[in-house]
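1. sequence and predicted structure are below.
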Amino acid sequence: MDATTFGTLGDRLFRFGARRADAGIGLSVDRDSSENAVFPTRGLGRFVSYVSKRDSPTIIDLGPVVGANVSFFGEQLGCKLIVEDLFAELERVARQVQQKEIELVSAINGRLDHLPGSADGVLCWDLFDYLDQPSAESLARQVIEVLKPGGAVFALFGGSNSGAERYTKYAIMDREHLEHRPYKATRGKGRTWGSRDVFKLFHGLTIGETYLLKIQIREMLFRKPQAAAQV
């Protein structure tokens, strides 16, 4: 269970063994073709606007290491980026889960080994689409705990699951564009989350914006209330 930490201006170090501000919900629909590898994003730009206003911000990325993202947050925004790559964790336990040797929630419990209130932002990407209810609830609690008051969470949720055994790397082109890069996996997405179910997962956070993309992805942005005390 390794986390990779990228400092500002491309400095890198490796750490082993790592385990209501908004008034309403904005809804927009993207019109681009679902066949495009690069697609517009609005939620990412809002996430960046929140995080970049904070002093020496720290971002936890639950996805894999993507060079473009390291450059974007480290060199362009001066953020400290900690990459957890929980997709690698999913892949590691996939066979054990199938053989009933371990439950997914057992691998997720306590996975984010960070001090409470230590992160200004968390990038979840589409990770929750691969989790069952118990593991999703466990991870959501950890995300909420690690987030600072005023911090933001950016997550993607698919409108339907094809069952294809693949994960997706999301590479940041700029604040308004993401490129999705599928790669092979031994498991597919497990479920489709309704909006009400997502709100329950992140109970305690406020929902800022929701953007529905033409490619059947919902971008969702959550924030931790400023008045919330650190756990």
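-> All right, it came through fine.
2. so Ile59 touches Phe73, yeah?
-> Yes - at 5.8 Å, Ile59 and Phe73 qualify as touching, with contact defined as Cβ atoms under 8 Å. To be clear about C-beta, it is placed using only N, CA and C from the backbone, and glycine gets the same treatment.
3. could you pull out the helices in the protein for me?
-> For the chain, helices defined by DSSP state H occupy the ranges 43-52, 67-70, 86-98, 104-108, 133-146, 195-201.
4. can you tell me the closest non-neighbouring residue to the residue nearest the centre of the chain?
-> For the chain, the residue lying nearest the average C-alpha position, counting by Cα atoms, centre = their mean, turns out to be Cys124 (0.8 Å). Leaving aside its sequence neighbours, Cys124 sits nearest to Ala155 (Cβ to Cβ, 6 or more residues apart in numbering; 3.9 Å).
5. how about residues contacting stretch 58-74?
-> Residues outside stretch 58-74 that contact it (Cβ atoms under 8 Å, 6 or more residues apart in numbering): 4, 6-11, 51, 79-88, 112, 114, 118-125, 127, 146, 167, 169-174, 179.
6. picking that back up, list the contacts for the residue nearest to the centre of the chain?
-> Under the criterion of Cβ under 8 Å, 6+ apart, the contact list for Cys124 reads 62, 143, 153-156.
7. quick one: pLDDT of it?
-> The predicted local distance difference test score for Cys124 is 98.
8. in the chain, which spans are strands?
-> For the chain, applying DSSP state E gives strands covering 3-6, 12-15, 26-29, 38-40, 58-61, 80-83, 119-125, 147-158, 166-174, 177-184, 206-212, 217-223.
9. weakest of those by average pLDDT?
-> In terms of average pLDDT, strand 12-15 trails the rest of those, at a mean of 33.
10. which of the strands of the chain sits closest to Gly190?
-> strand 147-158 (10.7 Å; Cβ to Cβ).
11. that closest one vs strand 217-223, what angle?
-> Angle between the axes of strand 147-158 and strand 217-223 is 170 degrees (criterion: axes from the mean of the first three to the mean of the last three Cα atoms, to 10 degrees).
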